[in-house]
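[1] Sharing a sequence plus its predicted fold:
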Amino acid sequence: MIKVGIPRALLYYQYYPMWRVFFEELGVEVVVSPPTTQTTLFSGSSRVVADTCLPVKVFLGHVLSLVEECDYMFIPAIRSVKRKIYNCSKFLGLPDMTRAVIPESPPVLGIEVDVNRGRRRLYHTIYKLGRHFTWDPFKVRQASIAAWQAHLNYKQLMASHNFTPPQAIERIFGIPQAEPTARQGSLISDQTTIAIIGHPYLIYDEHINHRLIHRIEQAGSRVLTPEMVTTAELESAITKLTGRAYWTYEEEVVGAGEYYLGSGTDGVIGAMAFGCGPDSLMMDMVRRQAARLRATPFMSLTLEEHTTEAGIVTRLEAFLDMIHRKRRRRTEVCV
Ligand code: SF4
């Protein structure tokens with residue numbers, strides 16, 4: 001059976017169920033790289049210049065770990081998934097960058113997704129991808145319908161059950177994830193809630209964020225993430241704060257930031273990658289809004305290759321301590 005490799009990085013967390021269902025419907029086996037380790041990060045970093053952003057270095061490390069494991073590498077260039085809203089340039093050049101810096105990679109399936117070029121072009125792109133595995137256009141059509149349905153189900157599962165992407169993927173496919181992530185369940189009245197905003201490839205990669213979710217949960221707080229809010233709510237939050245979205249995946253930062261700052265959570269943490277232009281702009285908008293509202297404490301965490309565990313732990317402890325003190329004060333005033 002033909003094997004297609006999918007790196008467990010960048011857009012994996014958004015689209016894995018959709019991609020996997022598409023390939024499996026065409027009779028292809030999907031191979032996913034193992035969770036990130038220090039070796040993954042080192043090997044990816046060794047192929048690019050130092051100021052490449054951390055998530056891209058991690059992505060290349062995952063590609064390297066799949067080189068011997070598959071016949072094709074699936075690396076789409078996602079330019080735009082909403083009209084007139086574009087993605088960060090790193091995503092656009094990902095297939096070419098991979099070919100250039102990892103020449104030993106199996107052939108890269110680097111389709112370009114840009115909804116601004118119209119439906120016909122998008123369908124043609126999907127057929128072109130499917131033709132690597134079948135000449136039957138009907139089969140490709142059926143596979144793409146099943147894949148889209150899998151994507152909708154995945155998003156619905158996360159929003160309705162408060163699942164994180166790793167939990168939802170485990171639920172759908174039974175793939176055990178590296179580390180436990182946010183818990184499902186109802187809000188316990190005296191438990192603090194902390195929202196983490198940012199891209200899934202930063203929030204759910206436990207190696208690069210030094211187990212952020214796990215640490216907050218260990219401290220007795222409940223964690224909320226952008227996927228636990230519906231797309232409609234995130235879009236309306238963006239409209240409220242900035243009028244309109246400029247970047248693809250802005251919902252994960254600006255939308256989730258605005259939503260959680262006004263939702264009664266005890267604190268909001270913004271996770272961003274060092275050297276990321278879009279994130280520094282988006283996170284700044286959220287920080288300014290938090291300062292304007294003066295209701296919910298906000299802290300941003302910048303993640304990079306040299307971010308140490310001790311650095312994260314110290315900042316997190318100080319932030320949680322401040323939130324607990326604030327909460328205690330409020331309880332005493334009420335008593
Ligand atoms: S959005 Fe930022 S972190 Fe993500 S790939 Fe682009 S530059 Fe890197």
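    Nice, I can see it.
[2] Can you tell me how far the closest residue to the ligand within the stretch 101-250 of the chain is from Pro106?
    In the stretch 101-250 of the chain, no residue comes nearer to the ligand than His199, which is 5.9 Å away by CB to the nearest ligand atom. Placement of C-beta: from N, CA and C, glycine included. Remark: distance between His199 and Pro106 (CB to CB, to the nearest Å) = 27 Å.
[3] between these two, which one's more packed in?
    Remark: of His199 and Pro106, His199 carries more neighbours, 24 against 18, as counted by other CB atoms under 10 Å.
[4] Could you pull out the helices in the stretch 151-300 of the chain for me?
    Using DSSP state H, counting those that start in this stretch, the helices of the stretch 151-300 of the chain run over residues 165-173, 200-203, 212-218, 231-242, 254-261, 277-293.
[5] residues in contact with the residue nearest the centre of the chain?
    Nearest residue to the geometric centre of the chain (CA atoms, centre = their mean): Pro200, 1.9 Å. Contact analysis of Pro200 by CB atoms under 8 Å, 6 or more residues apart in numbering lists Tyr13, Gln14, Pro165, Pro226, Glu227, Glu252.
[6] Could you double-check that the fifth one lies in contact with Ser160?
    No - between Glu227 and Ser160 no contact is recorded; they are 10.9 Å apart, counting by CB atoms under 8 Å.
[7] quick one, which of these two is more surrounded?
    Each of Glu227 and Ser160 has its neighbours counted (other CB under 10 Å); Glu227 has more, 28 against 10.
[8] Would you mind measuring from that one to Ala310?
    29 Å.
[9] before we move on, what about Lys84?
    The gap separating Lys84 from Ala310 is 44 Å, by CB to CB.
[10] Same question for Ala273.
    20 Å.
[11] higher neighbour count, the two?
    Taking other CB under 10 Å, Ala273 and Ala310 do not tie; Ala273 has more neighbours (23 against 9).
[12] for stretch 275-290, what is the average pLDDT?
    Here stretch 275-290 scores 90 as its mean pLDDT.
[13] what about that stretch, near the ligand?
    Yes - contact of stretch 275-290 with the ligand (CB under 6 Å from any ligand atom) involves Cys276, Pro278, Asp279.
[14] Same list (those) but as CSV, adding neighbour count and distance to Arg121.
    Putting the residues of stretch 275-290 next to the ligand into CSV (neighbours: other CB atoms under 10 Å; distance: CB to CB, whole Å) gives the following:
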residue, neighbour count, distance to Arg121
Cys276, 23, 29
Pro278, 21, 25
Asp279, 25, 29
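[15] Relative to the ligand, which of the residues you listed is nearest.
    Cys276 (3.0 Å).
[16] and that closest one, what does it touch?
    Taking CB under 8 Å, 6+ apart, one finds Cys53, Cys88 in contact with Cys276.
[17] any idea how far it lies from Pro107?
    The value you get for Cys276 to Pro107, if CB to CB is used, is 29 Å.
[18] next one: Val101
    In this structure, Val101 and Pro107 are 16 Å apart, going by CB to CB.
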